[in-house]
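[1] need a 3D model of the sequence below.
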Amino acid sequence: MEFEGRVAVVTGAANGIGRACALHMAQNGADLVVLDLEEGPLRQIAAEIAAVGRKVTPYQLDLTDYALVEKTFARIHADQQRVDILINNVGQTGRERISEFWQSTPDVWKFVIDVSLMTTLNCTRQVVGGMRERRSGRIVNISSEAAITGDATIADYAAAKAGVIGFTRSLAREVGPFQVTVNAVLPGGTKTRATERIPKEFVESALKQIPMGRMNDPEDIANAVGFFASEKARFITGQTLLVNGGRVFN
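    Got it, this is the predicted structure:
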């Protein structure tokens with residue numbers, strides 16, 4: 001039970017990668033605070049964590065709303081006393097509004113950047129002070145392979161997730177002297193609800209670019225996140241780890 005006695009906060013925990021990360025932490029002994037916009041799936045993952053025998057507190061909120069994030073984390077600190085591990089998982093492309101950049105619009109850019117970058121800043125700001133004071137903490141940010149590959153039609157998302165990498169590296173330098181680590185995991189294509197909406201021909205084309213011949217399972221990402229959150233990674237900070245079956249190297 002590697003995370004016994006630790007409190008972990010996972011954002012976007014109701015589905016996909018966030019859900020897998022929350023379960024991984026719970027199965028390895030952590031108590032969880034799970035945050036998501038979708039109330040129904042959020043309550044479901046909370047029930048699954050409770051079934052593992054871990055304490056869990058769900059909060060349904062919009063993580064792009066800084067004032068609401070600040071208020072929610074004040075409640076978290078009052079209830080839990082501390083946050084040992086923060087997993088910033090929230091992120092999203094423009095989905096049905098994806099387009100080449102020359103056709104894109106500022107409202108979509110703002111949405112994508114708010115969801116895929118600003119949520120990470122919003123939540124990290126709430127915990128990093130306490131981690132510095134305690135001289136202990138793990139922050140794991142979910143970026144994306146897109147930040148490295150710059151795939152067409154998702155320039156806004158690639159920019160936001162590249163911002164997560166820059167934020168990870170800068171913050172790692174700031175808090176390293178306080179024994180707090182900050183790292184980023186960069187998933188390639190992963191089997192989530194979002195990929196289920198992608199046309200079959202695009203998925204088949206993407207698979208041909210992956211030497212290992214399949215997409216990520218969410219658990220593949222959770223395993224990498226769990227490593228960065230663990231004592232095994234206590235001297236690793238400011239790093240970016242691609243989990244993509246070899247499609248592209250960093």
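
[2] for this structure, just list every one of the strands.
    Remark: strands assigned in the chain by DSSP state E are 7-11, 31-36, 56-60, 85-88, 137-142, 180-187, 240-243.

[3] now those strands in CSV, with mean pLDDT?
    CSV is the format used below for these (pLDDT from 0 to 100):
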stretch, mean pLDDT
strand 7-11, 98
strand 31-36, 98
strand 56-60, 98
strand 85-88, 98
strand 137-142, 98
strand 180-187, 98
strand 240-243, 97
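
[4] same list (those strands) but as CSV, adding mean neighbour count.
    Heads up, the C-betas are built off the backbone N, CA and C, glycines and all. As requested, those are arranged in CSV below (neighbours: other C-beta atoms under 10 Å):
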stretch, mean neighbour count
strand 7-11, 28
strand 31-36, 26
strand 56-60, 19
strand 85-88, 28
strand 137-142, 26
strand 180-187, 26
strand 240-243, 19
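
[5] of these, which is nearest Glu48?
    With C-beta to C-beta as the criterion, Glu48 lies closest to strand 56-60 of the strands of the chain, at 8.8 Å.

[6] for the top helix by length along the chain, buried residues please.
    With DSSP state H setting the assignment, residue counts place helix 155-175 as the longest helix in the chain. For helix 155-175, burial by neighbour count (16 or more other C-beta atoms under 10 Å) applies to 155-165, 167-169, 171-172, 175.

[7] could you list the low-pLDDT ranges of the chain?
    Counting by pLDDT under 70, the chain has low-confidence residues at 195-203.

[8] swap the cut-off to 50 and go again
    Applying pLDDT under 50 to the chain picks out no residues at all.

[9] quick one: the helices in it?
    Using DSSP H, the helices assigned to the chain run over residues 16-27, 39-52, 66-80, 106-113, 119-134, 146-149, 155-175, 193-196, 200-207, 218-229.

[10] point out the most buried one among the ones you listed.
    Mean neighbour counts were compared across those using mean count of other C-beta atoms under 10 Å; the top stretch is helix 16-27, at a mean of 26.

[11] show residues contacting that one.
    Contacts of helix 16-27 with the rest of the structure, by C-beta atoms under 8 Å, 6 or more residues apart in numbering, involve 3, 8, 10-13, 32, 34, 36, 41, 45, 48-49, 52, 54, 56, 85, 87, 89-90, 142, 187, 190, 192-194, 217-219, 221-223, 225-226, 229.

[12] and for stretch 152-168?
    With C-beta under 8 Å, 6+ apart as the test, stretch 152-168 has contacts from 88, 91-94, 98-101, 104, 108-109, 112-113, 115-117, 120-121, 124, 141-144, 146-147, 149-151, 182-184, 186, 238, 240.

[13] repeat that for stretch 242-250.
    By C-beta under 8 Å, 6+ apart, the residues outside stretch 242-250 that reach it are 145, 148-149, 185-189, 209-216, 220-221, 224, 240-241.

[14] if you set the cut-off to 6 Å instead, what comes out?
    145, 148-149, 186-188, 209-212, 220-221, 224, 240 (C-beta atoms under 6 Å, 6 or more residues apart in numbering).

[15] list the buried residues of that stretch.
    In terms of neighbour count (16+ other C-beta under 10 Å), stretch 242-250 has its buried residues at Leu242, Val243, Asn244, Gly245, Arg247.

[16] and which of these is nearest Asp65?
    For those, the closest approach to Asp65 (C-beta to C-beta) belongs to Val243, at 29.8 Å.

[17] and that closest one, how far from Gly5?
    Val243 sits 27 Å away from Gly5 when distances are taken as C-beta to C-beta, to the nearest Å.

[18] for Glu48, same thing?
    Taking C-beta to C-beta as the criterion, Glu48 is separated from Gly5 by 21 Å.
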